[in-house]
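> Sequence unavailable; structure follows:
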């Protein structure tokens with residue numbers, strides 16, 4: 001029987017959007033899938049050695065807010081200086097208290113499981129990103145190269 005394949009396109013570079021591609025990829029790899037994640041646009045932030053990921057409740061009405069803030073705190077108040085940092089800190093503490101692995105740990109787990117991490121070369125060039133800022137083991141390719149794999153995959157996810 002041929003090995004199943006999972007292709008993931010990661011486009012987001014915030015803390016809350018960092019988890020889905022790494023959790024799904026590491027789980028699939030543990031189940032025996034061949035896995036590739038194609039990081040493009042803001043998703044390239046997830047490949048940096050020094051992660052500075054934050055979360056923002058702005059534009060995310062589904063985000064659970066502490067102390068029922070979503071019911072009484074004005075949305076405009078979320079634009080106040082320091083709110084994004086406060087929300088990021090609260091989310092990190094919540095994850096830690098629940099035993100959720102960090103993004104760094106999940107990313108390492110993916111690499112140990114031989115998940116192929118591919119940075120979109122066009123986006124790297126477009127934003128003048130320095131590849132020395134990325135973790136070791138990242139491959140660089142264009143969309144066409146990723147489509148070779150994605151076209152044969154059993155599951156393809158856009159995150």
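Arrived safely. A quick note: this is a predicted structure, and the numbers were derived from the prediction, not measured.
> Any figure for the gap between the most centrally placed residue in the chain and residue 152?
In the chain, the residue lying closest to the centroid (C-alpha atoms, centre = their mean) is residue 18, at 2.6 Å. Separation of residue 18 from residue 152 (C-beta to C-beta, to the nearest Å): 26 Å. For glycine as for every other residue, the C-beta is placed from the backbone atoms N, C-alpha and C.
> Quick check: the residue nearest to the centre of the chain vs residue 29, distance?
Look at residue 18 and residue 29: by C-beta to C-beta, they are 17 Å apart.
> what about this structure, any weak spots by pLDDT?
Residue ranges of the chain with pLDDT under 70: 57-83.
> Okay, strands next: where are they in it?
Per DSSP state E, the chain carries strands over the ranges 5-10, 34-39, 116-120, 139-141, 155-158.
> Quick check: which of those is nearest to residue 103?
strand 5-10 (11.7 Å; C-beta to C-beta).
> residues making contact with that closest one?
Residues outside strand 5-10 that contact it (C-beta atoms under 8 Å, 6 or more residues apart in numbering) are 17, 21, 24-25, 28, 33-40, 43, 46, 146, 149-150, 152-159.
> Now do the buried residues in that strand.
Under the neighbour-count criterion of 16 or more other C-beta atoms under 10 Å, strand 5-10 has 5, 6, 7, 8, 9, 10 buried.
> now do stretch 127-146
For stretch 127-146, the neighbour count (16+ other C-beta under 10 Å) marks 129, 134, 135, 138, 141, 145, 146 as buried.
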